[in-house]
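Enquirer: need the 3D shape of this:
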Amino acid sequence: MRKRFLLSLVGALLLSSLLLAGCNSGDSSESSGKVTLTFGTSQSGIPRTGIMQTMAKEYEQETGVKIDFQVVPDAQWRDLIKVKLASGEAPDIFNVDVDPLSMPANVRPEENAIDLTNEEFTGRMSEEILPTVSHNDKVYGVSFAPSKIWYVYYNKRIFDELGIQPPTSYAEFKAISQKIKDKDIIPFYQAPASGWYQVLPLFETGPNYEQSTPGTYEKLNTNEMKVADLTQLKTVIEQLKEFADLGYFGKDFLSNTVEAGIEAFGQEKAAMLLRVPGTEKEVSEAYPDMKDNMGFFVMPWGDNQTIGVNPGGSAAMFGNKNSKHTEEVLKFFRWITEHDHLQRVFDGGEGNLTICWPEIEPKLTQDYIDYEKNHEKGTVMQAAVKYIDPQWMDIGKDLSGMFAGAMTPDQILQNIDKRRAEQAKVLKDEAWQ
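Expert: Residues are numbered from 1 along each chain as shown. Here you go, the predicted structure:
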């Protein structure tokens with residue numbers, strides 16, 4: 001497994017080099033004189049349904065302006081867009097995962113992003129999402145994201161046949177996973193090859209850390225404690241390693257991608273996976289036999305029973321301030337945020353039940369409404385603690401290394417603290433001086 005992990009790292013580096021060579025913004029005009037806007041994004045940055053590409057083709061028919069989507073694997077995108085922004089070669093439009101703490105550092109909006117503050121559509125985005133796309137009282141990004149919650153989705157039929165119930169503790173989680181494995185079904189679908197998915201349990205359960213020891217987030221932000229001091233976080237990492245060692249992620253899971261998870265779950269090869277509300281629609285459309293066969297529960301890593309809410313939750317579109325076609329970018333943003341077009345993005349997406357535009361009616365089912373009423377909520381750690389989100393992919397590599405036997409939980413925690421200190425010093429954070 002360690003050899004496969006090292007080979008995958010070599011492959012990722014080679015792929016990154018190819019992407020750096022091929023993802024050009026440069027002169028976005030075609031030889032015919034028509035304008036082409038480059039749109040750089042990770043795979044998960046836009047809906048896999050293709051709704052954005054479909055609408056972009058319609059936009060081209062209406063205006064003559066082409067949108068050239070440059071979709072990069074999740075595992076490479078964060079590093080790639082940083083390089084492109086630093087070199088002045090970013091696409092005309094680029095997607096970046098956003099939250100109030102990391103967006104300014106990741107995007108450097110005053111240098112790289114078109115100021116959208118005076119655009120009519122910014123006044124229609126929800127107040128919850130605006131802080132994630134704003135800096136120094138100016139708005140720079142456009143998002144379609146809901147407030148994101150990651151649940152464990154499970155196959156009701158498999159659970160019923162095995163006589164098991166959704167777990168409320170790690171011990172129960174482990175016990176039901178063994179029963180599922182005994183039936184030659186993968187208990188839990190894990191996707192390290194995408195680079196970010198394996199990190200979710202560590203920080204989406206952050207509200208549990210904060211509620212157990214109030215003030216944890218503040219102490220981390222003021223450098224009064226280290227991430228390595230979070231014994232609950234270490235426990236979660238150890239539990240992930242235990243799941244891997246016990247075979248609960250399946251064989252050869254290090255090569256799994258997020259995109260392949262729907263197939264594994266839909267074909268009942270895996271009994272559980274992490275997804276967001278609306279997963280039922282995406283799965284049942286691809287696999288009709290799964291209709292009404294999916295339930296959900298909060299991640300029980302570290303005995304968590306609190307719903308983690310990310311107010312930013314997903315990627316936002318930014319216009320490249322240094323593009324040769326800033327006016328065309330603005331016109332596209334104005335078009336895609338018209339009411340009818342927002343509705344189409346929402347309806348044609350992957351099944352999200354909410355969107356950060358209050359004018360669009362949400363689709364939350366009673367199951368979700370009732371579940372949320374019966375569980376406490378809190379803000380996820382990466383949206384409340386500084387210098388976590390910018391190193392998300394690095395933490396993903398560390399976890400993959402742990403799964404391959406090359407790292408320990410303690411080393412992962414030490415790496416997180418080391419990178420936090422490095423980022424804080426670059427940004428001249430007084431708490432780290």
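Enquirer: now the strands for the stretch 1-150 of the chain?
Expert: 36-42, 66-72, 93-97, 134-135, 138-139, 141-143 (DSSP state E, counting those that start in this stretch).
Enquirer: can you list the strands that the fifth one pairs with?
Expert: As defined by DSSP bridges, the strand partners of strand 138-139 come to strand 134-135 (antiparallel).
Enquirer: just the mean pLDDT for the strand it pairs with, thanks.
Expert: Strand 134-135 carries an average pLDDT of 94.
Enquirer: roughly how far is that strand from the heart of the chain?
Expert: In terms of Cα atoms, centre = their mean, to the nearest Å, the centre of strand 134-135 is set 20 Å apart from its chain centre.
Enquirer: could you do stretch 406-422 as well?
Expert: Distance of stretch 406-422 from the chain centroid (Cα atoms, centre = their mean) equals 21 Å.
Enquirer: got it, and stretch 144-164?
Expert: That offset, for stretch 144-164, works out to 18 Å (Cα atoms, centre = their mean).
Enquirer: buried stuff in it?
Expert: For stretch 144-164, the neighbour count (16 or more other Cβ atoms under 10 Å) marks 144-155, 158-159, 164 as buried. Yep, even glycine has a C-beta here, placed from its N, CA and C like the rest.
Enquirer: just the ones of the residues you listed in helices?
Expert: 158-159 (DSSP state H).
Enquirer: can you tell me which of the buried residues of stretch 144-164 comes closest to Gln411?
Expert: Trp150 (25.4 Å; Cβ to Cβ).
Enquirer: wait, that closest one sits on Val309?
Expert: No: under the criterion of Cβ atoms under 8 Å, Trp150 makes no contact with Val309, lying 9.9 Å away.
Enquirer: quick revisit: so which of the strands of the stretch 1-150 of the chain comes closest to Thr216?
Expert: Going by Cβ to Cβ, the one of the strands of the stretch 1-150 of the chain nearest Thr216 is strand 93-97, 23.1 Å.
Enquirer: give me the sheet partners of that closest one and which way each runs.
Expert: When DSSP bridges is applied, strand 93-97 pairs with strand 36-42 (parallel), strand 315-319 (antiparallel).
Enquirer: mean confidence for the last one?
Expert: The one in question is strand 315-319. Rounded mean pLDDT across strand 315-319 is 94.
Enquirer: which strands or helices does the following helix or strand past that strand pack on?
Expert: Heading C-terminal from strand 315-319, the first helix or strand you meet, by DSSP states H and E, is helix 326-336. Helix 326-336 sits against strand 36-42, helix 51-63, strand 315-319, helix 339-347, with contacts defined as 3 or more Cβ pairs under 8 Å, 6 or more residues apart in numbering; DSSP states H and E.
Enquirer: list the buried ones in the second one?
Expert: Neighbour counts using 16+ other Cβ under 10 Å place 51-52, 55-56, 59-60 of helix 51-63 among the buried residues.
Enquirer: I'd like the mean pLDDT over stretch 419-433, please.
Expert: 93.
Enquirer: nope, stretch 394-413 is what I was after
Expert: Stretch 394-413 comes out at a mean pLDDT of 97.
Enquirer: end to end on that stretch, go ahead and measure it.
Expert: 12 Å (Cα to Cα, to the nearest Å).
Enquirer: now do the buried residues in it.
Expert: Buried, per 16+ other Cβ under 10 Å, within stretch 394-413: 394-404, 407, 409, 412-413.
Enquirer: taking those residues together, which two end up most distant?
Expert: Ala404 and Leu413 (17.8 Å).
Enquirer: list the contacts of the residue most central in space within the chain.
Expert: Centroid-nearest residue in the chain, with Cα atoms, centre = their mean: Ser314, separated by 5.6 Å. Contact analysis of Ser314 by Cβ atoms under 8 Å, 6 or more residues apart in numbering lists 45, 97-98, 143-146, 148.
Enquirer: sounds good, over and out.
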